[in-house]
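> Got a sequence here, can you model it:
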Amino acid sequence: MGAVRDKMWKIRSKVWLELDGKPIIGEGRWNILRAIEQSGSIVGASRVTGISYRRIWGAIQDMEQAVGYPIVLTQRGGSKGGGTELTFVARDLMERFQQSQKGIRDKVDGRFEKTFG
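Numbering: from 1, shown residues only. Just a heads-up that it's a prediction; the model follows:
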């Protein structure tokens, strides 16, 4: 067993939130929402994340349909230009997901350290 302990082991896990068996938010969608928040647009989020505009828009529609509330508010171009902002529901979902994910990660890391440390 000494040879196993001499290796540099890491644990990986993925956590996501589902509603009625449909994925709502995980790390990927959280990153999309964060990129929208920071860039102020879906196009900007697409550039930052490397995810196509169409795929981002599909993820947003899936989330909105599942939770029953808008996730983003979009404004088309014009004299002030267009833009996208997150709704309160999106911000709340992001915050709650991040808090729960951290708690889960702390427990997993602790168990991993006891087993492989």
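> quick one, helices of the chain?
For the chain, the helices defined by DSSP state H occupy 2-5, 27-39, 42-49, 53-67, 88-116.
> what's the closest of the ones you listed to Arg12?
Proximity to Arg12 (CB to CB) singles out helix 88-116 among the helices of the chain, at 9.5 Å. In this view, the C-beta of every residue, glycine as well, is placed from N, C-alpha and C.
> buried ones in the closest one?
Val89, Ala90, Leu93, Met94, Phe97, Gln101 (16 or more other CB atoms under 10 Å).
> Stretch 35-47 now?
Applying a neighbour-count criterion of 16+ other CB under 10 Å, the buried positions in stretch 35-47 are Ala35, Ile36, Glu37, Ser39, Gly40, Ser41, Ile42, Ala45, Ser46.
> circling back to that earlier point, reformat the helices of the chain into JSON lines and put distance to Ser13 and mean pLDDT next to each item.
Shown next, in JSON lines, are the helices of the chain (distance: least, CB to CB, whole Å; pLDDT from 0 to 100):
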{"stretch": "helix 2-5", "distance to Ser13": "20", "mean pLDDT": "60"}
{"stretch": "helix 27-39", "distance to Ser13": "10", "mean pLDDT": "96"}
{"stretch": "helix 42-49", "distance to Ser13": "21", "mean pLDDT": "95"}
{"stretch": "helix 53-67", "distance to Ser13": "21", "mean pLDDT": "96"}
{"stretch": "helix 88-116", "distance to Ser13": "6", "mean pLDDT": "87"}
